[in-house]
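Asker: pasting a predicted model and its sequence here:
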Amino acid sequence: MSQTTTAALIVAAGRGHRAGGGLPKQYRDMGGESVLAQTLRAFHTHPAIDTVCVVIHPDDQAYFDLANEYIGAMHCFGGTTRNQSVHRGLLALADHAPDHVLIHDAARPFVSHDLIQRLCDALAGSEAAVPGLPVTDATFTREQDAIGDSVDRNLLVRVQTPQAFQFQSLLGAFEARESNRDFPDEASLMRAAGIPVKIVDGEPANIKLTFPEDFQMPVRTGDSMTTVSGSGFDVHRLGPGQGVWLCGVEIPCEFELIGHSDADAGLHALVDALLGTICAGDIGQHFPPSDPQWKGAASSAFVEHALALLHKVGAQVLHADITLICEQPRIGPFRAAMQERVAELLGLPTASVNIKATTTEGLGFTGRGEGIAAQAIVTVKRHA
């Protein structure tokens, strides 16, 4: 039995004029990254989502590329209406032939994994499902500047996105609709096609950013942040040579560190610590010593790779502490340069990076001058 595949289609082609600020609201900064980047990550990191496609405005390519840098979602260009944009997105996904598709507003960055899962589960027995919230305020019709008749709020529901559908059912509804008829959302289109739409529990935190004041909300209302640490340890043998690389700085001396890359034990320990914060294994899994392409490679490339993995899941490095353990060469004269280089690689102020050195009082392989060891601890802020 084949496994069900699910695509997420993010609608990001609008202009968002009511939000102010000039820049389309999906690309505005919220807590250090764009609204769209947060929305993309919510779907990209969900295990049920196989493909992410974003419908963008042709004028926004550069903004989209920046928001998508660490995600790698596919994209297509939208139309002048939401219906046109979603239809174009579905056609772009058709080659992937997903079983299910979730349509979501780019300006809802607080969507949770739980809500995505509820909608995926609902499609096991339905062609369409939407998240809904009850109406808790007294409700009336409006007659210009006065209230009109009372409306039974128990008959009303506030519908959010993502809206979830059997892919072929939704695409078929778009293909069958009258070209001049516009629908406010995909659920309305499905109902017009005679297809029932199931309601699952929505989430109050899953708001759509619409007005300037919405951007004053606490970042990631629907997702909690936590601070975690990762540790790393690395060892390389010393041999005769003309210098060693440690923490991205070349130290002239009569030794060299022996290893497949530049054997920078300090940066290798740092990479393992970075990977540890997101449970992404160790440096050997990502850069096998048996792979000839890493022979003589600068270890800064390994740091950049680890950082890209952190950024992909929305983790932010806060602090790094590296200890070099050796009898030789002397570290003190190069400590400041190492601190600056590591800070540069991590995008941190130098005050957030600590480099220190110690010996083993002549004991063990480091005490005998046979090698250098390094330990690193990295602290990051990430989504729980």
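Answerer: Cool, got the structure.
Asker: any stretches of the protein with poor pLDDT?
Answerer: 1-2, 16-22, 214-225, 384 (pLDDT under 70).
Asker: let me see the domain layout of it.
Answerer: Per the record, the chain has its domains at 6-216, 225-383, by automatic domain parsing.
Asker: please convert these to a markdown table, extending it with mean neighbour count.
Answerer: The way it works is simple: take the backbone N, C-alpha and C, and place the C-beta from them, glycine included. A markdown table is the format used below for the domains of the chain (neighbours: other C-beta atoms under 10 Å):
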| stretch | mean neighbour count |
| --- | --- |
| domain 6-216 | 18 |
| domain 225-383 | 18 |
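Asker: in this protein, which spans are helices?
Answerer: All helices of the chain, identified by DSSP state H, fall at 35-44, 61-67, 82-93, 113-122, 167-176, 186-192, 265-277, 283-286, 300-312, 335-346, 364-367.
Asker: correct me if wrong: D201 contacts D121.
Answerer: No. D201 is beyond contact range of D121, at 11.6 Å (criterion: C-beta atoms under 8 Å).
Asker: ok so, going back, of the helices of the chain, which is nearest I103?
Answerer: Nearest to I103 among these is helix 186-192; the distance by C-beta to C-beta comes to 5.2 Å.
Asker: so what touches that closest one?
Answerer: 83, 86, 103, 127-128, 130, 159, 163, 165, 169-170, 173-174, 177, 183, 197 (C-beta atoms under 8 Å, 6 or more residues apart in numbering).
Asker: same thing but at 6 Å, please
Answerer: Helix 186-192 is contacted by residues 103, 128, 130, 163, 173, 183, 197 when judged by C-beta atoms under 6 Å, 6 or more residues apart in numbering.
Asker: now the nearest residue to the last one once chain neighbours are set aside: how far from W245?
Answerer: Spelled out, that is V197. Take V197 and drop its neighbours on the chain: the residue closest to it by C-beta to C-beta, 6 or more residues apart in numbering is A128, 4.3 Å away. As judged by C-beta to C-beta, to the nearest Å, A128 and W245 stand 58 Å apart.
Asker: next one: A97
Answerer: Separation of A97 from W245 (C-beta to C-beta): 49 Å.
Asker: L156 too?
Answerer: From L156 to W245 the distance is 66 Å (C-beta to C-beta).
Asker: what's the answer for T366, then?
Answerer: On the measure of C-beta to C-beta, T366 and W245 end up 17 Å apart.
Asker: what do you get for T226?
Answerer: In terms of C-beta to C-beta, T226 sits 34 Å off from W245.
Asker: same thing with F165?
Answerer: Counting by C-beta to C-beta - F165 and W245 are separated by 54 Å.
Asker: name the residues that touch stretch 158-170?
Answerer: 98, 100-105, 108, 119, 123, 127-133, 186-187, 202, 206.
Asker: now render the contacts of helix 186-192 as JSON lines, adding distance to A67.
Answerer: Below are those laid out as JSON lines (distance: C-beta to C-beta, whole Å):
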{"residue": "I103", "distance to A67": "19"}
{"residue": "A128", "distance to A67": "29"}
{"residue": "V130", "distance to A67": "26"}
{"residue": "Q163", "distance to A67": "22"}
{"residue": "A173", "distance to A67": "30"}
{"residue": "F183", "distance to A67": "27"}
{"residue": "V197", "distance to A67": "30"}
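Asker: among these, which are in strands?
Answerer: 103, 128, 130, 163 (DSSP state E).
Asker: before we move on, back to that, and the furthest pair within the contacts of helix 186-192?
Answerer: V130 and A173 (14.4 Å).
Asker: can I get the ones in strands among the contacts of helix 186-192 in a markdown table with distance to S352?
Answerer: Converted to a markdown table, the ones in strands among the contacts of helix 186-192 look like this (distance: C-beta to C-beta, whole Å):
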| residue | distance to S352 |
| --- | --- |
| I103 | 41 |
| A128 | 49 |
| V130 | 44 |
| Q163 | 42 |
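Asker: quick check, nearest of these to E304?
Answerer: I103 (34.7 Å).
Asker: residues touching stretch 341-348, excluding its own?
Answerer: 247-249, 300, 303, 317, 350, 353.
Asker: in strands only, show me those.
Answerer: Going by DSSP E, the strands hold 249, 317, 353 from the contacts of stretch 341-348.
Asker: can I get the residues you listed in JSON lines with distance to A343?
Answerer: Shown next, in JSON lines, are the ones in strands among the contacts of stretch 341-348 (distance: C-beta to C-beta, whole Å):
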{"residue": "V249", "distance to A343": "12"}
{"residue": "V317", "distance to A343": "10"}
{"residue": "V353", "distance to A343": "4"}
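Asker: hmm, back to that, now the helices of the chain in JSON lines, with distance to Q375?
Answerer: JSON lines is the format used below for the helices of the chain (distance: least, C-beta to C-beta, whole Å):
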{"stretch": "helix 35-44", "distance to Q375": "31"}
{"stretch": "helix 61-67", "distance to Q375": "35"}
{"stretch": "helix 82-93", "distance to Q375": "47"}
{"stretch": "helix 113-122", "distance to Q375": "34"}
{"stretch": "helix 167-176", "distance to Q375": "50"}
{"stretch": "helix 186-192", "distance to Q375": "53"}
{"stretch": "helix 265-277", "distance to Q375": "6"}
{"stretch": "helix 283-286", "distance to Q375": "14"}
{"stretch": "helix 300-312", "distance to Q375": "16"}
{"stretch": "helix 335-346", "distance to Q375": "14"}
{"stretch": "helix 364-367", "distance to Q375": "12"}
